[in-house]
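S.K.: Can you look at this prediction? I've put the sequence above it.
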Amino acid sequence: MESTHPDVERVLFSEADIKEIVGRMGAEISRDYAGKDLVLIAVLRGAVVFMGDLMRAITCPLAIDFMAVSSYGEGAKSSGVVRIVKDLDMDIKGRDVLIVEDILDSGLTLNYLMKSLSHRKPASLEVAAFLWKDVEGRETAVEPKYVGAHCPDEFVVGYGLDFAERYRNLPQVGVLKPEVYS
Ligand SMILES: O=P(O)(O)OC[C@H]1O[C@H](OP(=O)(O)OP(=O)(O)O)[C@H](O)[C@@H]1O
Ligand SMILES: Nc1nc2[nH]cnc2c(=O)[nH]1
Ligand SMILES: [Mg+2]
């Protein structure tokens, strides 16, 4: 039996689901980036857990770097303004960059990052998103090349994803009980 946090109402992706998804993504990326100069860029803080798993599921040589961008603050709604809190340490010019994100929701974060990083002239620039909230009727400016799973249009936590900085350490992805959000 999986242990579940008492604040979690429903588990959407179990540890076994996550393992299977990340393994599949790692195999695809390993195949596509063989012989290339791969740099994984994780978006802090949400993507750290996925990054840790994904990089170990990739078999080709790679480098890692981090950027910190935040638009959700403490709540469950985007402020609409993306803020760079920490920039890359590495020069990505001419390298094959793959942005690693936990979730693509409104697309605001990734749209901003893709624009900002493309100015630095990488050889290629793609996105690996663990979850994609591709809500019907909503256009997203970014189409991730690698998608772990489609996510229902609900605010999810766990596996790096927080609510007011909590729940990032849950090993599953789930939805909290309504009383926790209020
Ligand atoms: O597609 P969007 O609507 O822009 O939402 C996705 C972003 O929101 C969350 O980050 P957040 O800004 O909350 O910061 P965090 O990673 O530190 O939790 C999540 O980790 C993604 O980066
Ligand atoms: N924790 C969390 N952060 C998000 N950022 C954008 N969408 C979400 C979501 O569903 N959950
Ligand atoms: Mg994030």
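M.R.: Good, I have the coordinates. Ligands and ions are numbered 1, 2, ... in the order given.
S.K.: how about the residues of this protein near ligand 3?
M.R.: By the rule Cβ under 5 Å from the ion, the part of the chain lying against ligand 3 is 43, 46. Glycine gets a C-beta too; all of them are placed from N, C-alpha and C.
S.K.: Can you show me the CA trace of the helix-or-strand element of the chain with minimal mean pLDDT as CSV?
M.R.: Of all helical and strand segments in the chain, the minimum by mean pLDDT, DSSP states H and E falls on strand 83-86, at a mean of 88. Taking Å, rounded to 0.1, in the frame of the first residue of the first chain, the C-alpha atoms of strand 83-86 are listed here in CSV:
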residue,chain,number,x,y,z
ARG,A,83,10.6,36.8,-12.5
ILE,A,84,14.1,35.5,-13.0
VAL,A,85,15.5,34.9,-9.5
LYS,A,86,18.6,33.0,-10.6
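S.K.: roughly how far out does that strand sit from the chain middle?
M.R.: Centroid separation for strand 83-86 versus its chain: 16 Å, with Cα atoms, centre = their mean, to the nearest Å.
S.K.: Listing partners with orientation, what would you give for it?
M.R.: Strand 83-86 has the following strand partners under DSSP bridges: strand 62-70 (antiparallel).
S.K.: Show me what the strand it pairs with is in contact with.
M.R.: Contacts of strand 62-70 with the rest of the structure, by Cβ atoms under 8 Å, 6 or more residues apart in numbering, involve 33, 38-45, 51, 55, 82-90, 92, 95, 109, 112-113.
S.K.: quick one: Ala141 from Leu176, how far?
M.R.: 29 Å (Cβ to Cβ, to the nearest Å).
S.K.: When those two are compared, which one has more neighbours?
M.R.: The residue with more neighbours, out of Ala141 and Leu176 and counting by other Cβ atoms under 10 Å, is Leu176; that gives 22 against 12.
S.K.: List the beta-bridge partners for the more buried one.
M.R.: For Leu176, the beta-bridge assignment (DSSP bridges) gives partners Val8.
S.K.: And the residue of the protein closest to ligand 3?
M.R.: Here the chain gets closest to ligand 3 at one residue, Gly46, 3.3 Å apart by Cβ to the ion.
S.K.: thinking again about what came up before, so of the contacts of strand 62-70, which ones are in helices?
M.R.: 51, 55, 109, 112-113 (DSSP state H).
S.K.: ok, which pair from these is furthest apart?
M.R.: Greatest spacing in these, by Cβ to Cβ: Met55 and Tyr112 (23.3 Å).
S.K.: low-confidence ranges in this structure?
M.R.: Filtered on pLDDT under 70, the chain yields the residue ranges 1-3, 72-77, 79.
S.K.: Show me which residues of it sit near ligand 2.
M.R.: Taking Cβ under 6 Å from any ligand atom as the measure of proximity, the chain contacts ligand 2 at 72, 103, 105, 155-157, 161-163.
S.K.: Identify those among those that sit within helices.
M.R.: With helices defined by DSSP H, no entry of the residues of the chain next to ligand 2 lies inside them.
S.K.: Good, we can wrap up now.
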